[in-house]
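**Student:** how would this look folded up:
(4 chains)
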There are 2 protein chains.
Amino acid sequence: MFNVLNMSSVPDTGASGTGGDPGDLTARARIRDAAISRFAADGVAGTPVRAIAADAGVSAGLVIHHFGSKDALRVACDQHVAATIRDRKQAAAASGANLDPVAAMRDGAEGPPLLRYLARTLVDGSPHVAELVDELVEDAVGYMATGIETGMLKPVDDLRGCATVLTLWSLGSVVLHEHVQRLTGVDLTGDPAATGGWAVPASEILSKGILAEGLYDRLRAAFAVEDATSAPGGQT
Amino acid sequence: MFNVLNMSSVPDTGASGTGGDPGDLTARARIRDAAISRFAADGVAGTPVRAIAADAGVSAGLVIHHFGSKDALRVACDQHVAATIRDRKQAAAASGANLDPVAAMRDGAEGPPLLRYLARTLVDGSPHVAELVDELVEDAVGYMATGIETGMLKPVDDLRGCATVLTLWSLGSVVLHEHVQRLTGVDLTGDPAATGGWAVPASEILSKGILAEGLYDRLRAAFAVEDATSAPGGQT
DNA sequence: CAGGACATTAAACATCTGTACAGCTCCCCG
DNA sequence: CGGGGAGCTGTACAGATGTTTAATGTCCTG
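**Tutor:** Numbers count the residues shown, from 1 in each chain, chains lettered A, B, ... in the order given. This next block holds a predicted model:
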């Protein structure tokens, strides 16, 4: 998220809700984690229950036994990922002046690939993840307000609008992490310390701005009139 | 794409390669278009061949007869979508000073939902679409260079880096169009004239910038040192 | 009109997929 | 000790799915 705001390294709070060695987990937890990994990599529709079971080292029947159905398993994954991300967010917020929630949810070395799961699910659609996105936007509104008071951010006309745009740009970058990596060599789901190739140009845009002065005013005026007929072609 | 650059409405050039009434199409073309729609909506793995066949008003066997396999059909869709978008890009570039390629590929009233297909495929991964993304970045580099000469854009330190970031932000927004719509009511895959709720805050950010002066320089300096150990937490 | 190439279909097939079931093992509680 | 319940497995099954095949129709060509 308007990530570039965060200038301090993330303390990698160990594992709040998900941690622990992979071997000593409950079978139920192993299944859940395996499902998250598979769903993240291949999508829900592209993942057979048997593959998840094999990854978790259990039988297919046990997956159903514990979760009732594949779809219920998916919901459980949604909820677990959302809850874990909320935990990390909160931990990061409590532990210091970390303004970048996305940085806090980066996948640790162990544990399931939360960010990649989130990226997939953002496209596949899920009520729980949609709710999480709404919260992230809400957080961004708060962070931006604080940042403006502090002087770290410039004041804006449309606080919620800007927070929404920045949040979705940030999440969108994660969703397209494959292309980010191909084009810049940076893995946005990995080590934050190695994201300079992406963070530096992003912050260049976000600090100086790139549009000439006046373009914004013209665009705003054009859309304010609100007669849609020959309104200006938008952004994307 | 740094869409906001485009200040002129898109002339909606009719159909370059895809047009025509839905009824008078070859069965092969109908199958392809039905597949694009289905793939865009439900993903490749989530779409049975029989569903595509039903949409196209043909038998499942004919789908295979024409394309060989479901996977080959997917490749054909990739190529067709990429080719059509290239056509529209070129037409838009030729027809006037349109700086926003994404605006040119918005889904027309008729024809398959190209943008939604692109959004899905950007996540599912496809060599052809990846190539297309590379081209879009390359285009953005050119457009930005022109814009800077013209004075429409401010000069930047890292031209290619900024072009990449802007292109992926823009594509990412389209990929997350569902969330954009839920949060702002704007459909980025639809009518460009009705995207004000998104375009205005986006252009506010892109014109004025939101980060306080100095943050960019500090971030750049921190990453320039390149000793990764305690580098600043990145953006997202 | 003969004949062949192509479009198209319905049915058949083998496989995969989600799920239900019956039974096994093992541990805890009385 | 013994009984019951939970974790877990292998098997069974019904339906879906990708693909094949043989047959039918259709159109163009010679």
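
**Student:** Tell me which residue in chain A sits closest to chain B.
**Tutor:** residue A:172 (2.0 Å; C-beta to the nearest C-beta). From N, CA and C alone the C-beta is placed, and that goes for glycine too.

**Student:** And the next helix or strand past the helix or strand of chain A with the lowest mean pLDDT?
**Tutor:** Within chain A, confidence by mean pLDDT, DSSP states H and E is lowest for helix A:101-104 among all helices and strands, at a mean of 70. Using DSSP states H and E, the helix or strand that directly follows helix A:101-104 along the chain is helix A:114-124.

**Student:** got the angle between that next one and helix B:114-124?
**Tutor:** 160 degrees (axes from the mean of the first three to the mean of the last three C-alpha atoms, to 10 degrees).

**Student:** can helix A:114-124 be found next to DNA strand C?
**Tutor:** No: Helix A:114-124 does not reach DNA strand C (C-beta under 7 Å from any atom of the strand); its nearest approach is 14.1 Å.

**Student:** Can you give the distance of that helix from its chain's centre?
**Tutor:** Here helix A:114-124 is found 8 Å from its chain centre; the criterion is C-alpha atoms, centre = their mean, to the nearest Å.

**Student:** contacts for whatever helix or strand comes next after that helix?
**Tutor:** Once the chain leaves helix A:114-124, the next helix or strand it forms, by DSSP H and E, is helix A:127-150. Helix A:127-150 is contacted by residues A:1-2, A:5, A:75, A:78-79, A:81-82, A:85-86, A:89, A:99, A:101, A:118, A:121-122, A:153-156, A:159-160, A:162-164, A:166-167, A:171, B:179, B:182-183, B:210 when judged by C-beta atoms under 8 Å, 6 or more residues apart in numbering or on different chains.

**Student:** Rounded mean pLDDT for helix A:127-150, please.
**Tutor:** For helix A:127-150, mean pLDDT is 94.

**Student:** Pull out the buried residues from the longest helix along chain A.
**Tutor:** Counting by DSSP state H, the longest helix found in chain A is helix A:70-95. The neighbour-count check on helix A:70-95 (16 or more other C-beta atoms under 10 Å in any protein chain shown) flags A:70, A:73-78, A:80-82, A:84-89, A:91-93 as buried.

**Student:** same question, stretch A:121-138
**Tutor:** Those would be A:121, A:122, A:123, A:124, A:126, A:128, A:129, A:130, A:132, A:133, A:136, A:137, for stretch A:121-138 by 16+ other C-beta under 10 Å.

**Student:** now swap in stretch A:42-56 and tell me
**Tutor:** Within stretch A:42-56, the residues that qualify as buried are A:43, A:44, A:47, A:49, A:52, A:53, A:55, A:56, counting by 16+ other C-beta under 10 Å.

**Student:** Quick one, grab the pLDDT at residue A:209.
**Tutor:** pLDDT for residue A:209: 94.

**Student:** Quick check: residues of chain A near DNA strand C?
**Tutor:** A:47-50, A:60-61, A:63-65, A:68-71.

**Student:** change it to 10 Å
**Tutor:** Within chain A, the residues that sit near DNA strand C (C-beta under 10 Å from any atom of the strand) are A:42, A:44-53, A:59-65, A:67-74.

**Student:** Nothing else from me, thank you.
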